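Engineer: have a look at this prediction, sequence included:
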Amino acid sequence: MSPRRLDRNVIALGVASLLNDVSSEMIFPLLPAFLTSVLGASPTFLGAIEGTADSVSSLLRIPSGWLADRHRRKPLVVAGYAVANLVRPAVAAATAPWHVLAIRLLDRVGKGVRTAPRDALLADSAPPEDRGRAFGFHRSMDHIGAVVGPLLASVLFAAVGRSYRWLFLLASLPGLATVLFTLTLVREPRTALGDRSSAVGEEPAAPVAVGRKPAAASRRFYGLLLAILCFGLGNSTDAFLLLRLEQAGVDVVLLPFLWSALHVVKVASAYPLGRLSDRVGRVPIIVAGWSYYAIIYAGFAAASSPLWLSVVFVAYGLFYGFTEGAERALVSDLAPAERRGEAFGLYNAAVGIVALPASLAMGAIWQAYGQPAAFGFGAAMAVLGAVVLVAAYWPAPQSKQATCRVKSR
């Protein structure tokens, strides 16, 4: 049977994410080089910037998700995109590393405000048997923006005489388009406006958490959070991967192209692997993704030539295809609609709350013992996370929702 059409709201949110990523990814691939070569920041400070920003973003997702369950979701999504895209171009005026830290913090505040309500809107707009596909589509659109952004940055970077500051200013244009698009085309589904007892096309039977209990009131949901915390301790900012490429001898001009190629792999894998999780179950796909992450980080520790490191870097994109859609769909499966914003807030907080210690640890281990030890630590934590997740979901539950597997009707 051919898959049903995606809801218009899923498509609209996907396009908004595409535009936002064009803006942010025009900046991010060049930010490590800008910080270290222009502003004189150390690898440890680079880790502090990205880790602190991600941790602040994650903590904000809990109250944002709570508000999204009690009020409209769309205003929080619009506000989050507006804050991020108004402050992001200010990096062009930075003259010290702490300036970038402050700008990145405000940028991530916007992300923290919008992420849980946006994920709840996506879940409200898709029936349970299509959630993996819906989240996979959204992640694909997000990554298409991350393909276009670095390619556009490469062309413009050469056109403005390799001026980081002019490029960062030009990145504001697709960001402003994101805000306008979200404001005018994204809508509130019926379940987000009032009746959240069930999502679009969702059967009300046997939710994991019911009544007035928190959405996370299940052993398996907490098991997922614990596994994410373990994995996250080794999941430092991808800025270290870019720094590894630069230090290995990859020309800085090529970094946006490699970043774009990485996202091509994300685009190609997110939708089919998200859809696969609708068929075979979420947990096997997530465990496969975390195991693959460990292999990739071991490759970063062992490889030395710029060519092989570039190959491993691009192949790293498949990890996102395995995990991003399946993890979000798993959260949707475990949470009743009326507590879905709260569930996504807790999930996103767990993803990011360890971002600061993970990035600080990566930078500290790198400086003290070298990059092989730093990447080896990341690989070990990925294996630990996979083991914890398997333990939390073993033995396999009997109910359809508890298995996080919904068959197409």
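Structural biologist: Thanks, I have it.
Engineer: what about the helices in the stretch 251-400 of the chain?
Structural biologist: 255-280, 282-302, 306-315, 317-334, 340-353, 355-369, 371-392 (DSSP state H, counting those that start in this stretch).
Engineer: for those, give me CSV that also has mean neighbour count and distance to Gly47.
Structural biologist: (Each C-beta comes from the backbone N, C-alpha and C, glycine too.) Formatted as CSV, the helices of the stretch 251-400 of the chain follow (neighbours: other CB atoms under 10 Å; distance: least, CB to CB, whole Å):
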stretch, mean neighbour count, distance to Gly47
helix 255-280, 22, 18
helix 282-302, 21, 15
helix 306-315, 18, 18
helix 317-334, 26, 20
helix 340-353, 27, 14
helix 355-369, 20, 3
helix 371-392, 20, 10
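Engineer: hey, least reliable of those helices by pLDDT?
Structural biologist: Mean pLDDT is lowest for helix 340-353 among the helices of the stretch 251-400 of the chain, at a mean of 84.
Engineer: Leu18 reaches His138, doesn't it?
Structural biologist: No: between Leu18 and His138 there is no contact under CB atoms under 8 Å: 9.5 Å.
Engineer: who has more neighbours, these two?
Structural biologist: Using other CB atoms under 10 Å as the criterion, Leu18 and His138 rank with His138 on top: 29 against 23.
Engineer: could you measure from the more buried one over to Ser125?
Structural biologist: Counting by CB to CB, to the nearest Å, the gap from His138 to Ser125 is 10 Å.
Engineer: residues shared between the contacts of those two?
Structural biologist: 10, 13 (CB atoms under 8 Å, 6 or more residues apart in numbering).
Engineer: residue with max distance from the center of this structure?
Structural biologist: Gly161 (31.9 Å; CA atoms, centre = their mean).
Engineer: need phi/psi at that one.
Structural biologist: phi 70, psi 40 (degrees, to the nearest 10).
Engineer: would you mind measuring the gap between the ends of stretch 91-104?
Structural biologist: 8 Å (CA to CA, to the nearest Å).
Engineer: how about the contacts made by the closest residue in space to Pro357 that isn't next to it in sequence?
Structural biologist: Leaving aside its chain neighbours, Pro357 sits nearest to Leu233 (6.5 Å; criterion: CB to CB, 6 or more residues apart in numbering). Remark: with contacts taken as CB under 8 Å, 6+ apart, Leu233 is in contact with 354, 357-358, 361, 381.
Engineer: can you give me how far stretch 327-340 is from the chain middle?
Structural biologist: 17 Å (CA atoms, centre = their mean, to the nearest Å).
Engineer: again, but for stretch 323-334
Structural biologist: Using CA atoms, centre = their mean, the offset of stretch 323-334 from its chain centre is 12 Å.
Engineer: same question for stretch 79-86.
Structural biologist: On CA atoms, centre = their mean, the centre of stretch 79-86 falls 17 Å from the chain's centre.
Engineer: which residues touch that stretch?
Structural biologist: Outside stretch 79-86, the residues touching it (CB under 8 Å, 6+ apart) are 16, 20, 23-24, 64, 106-115, 117-118, 172, 175-176, 178-179, 182.
Engineer: rerun that using 10 Å as the cut-off
Structural biologist: Contact with stretch 79-86 is made by 16-17, 19-20, 23-24, 57, 60-61, 64, 106-118, 171-183, 186, as judged by CB atoms under 10 Å, 6 or more residues apart in numbering.
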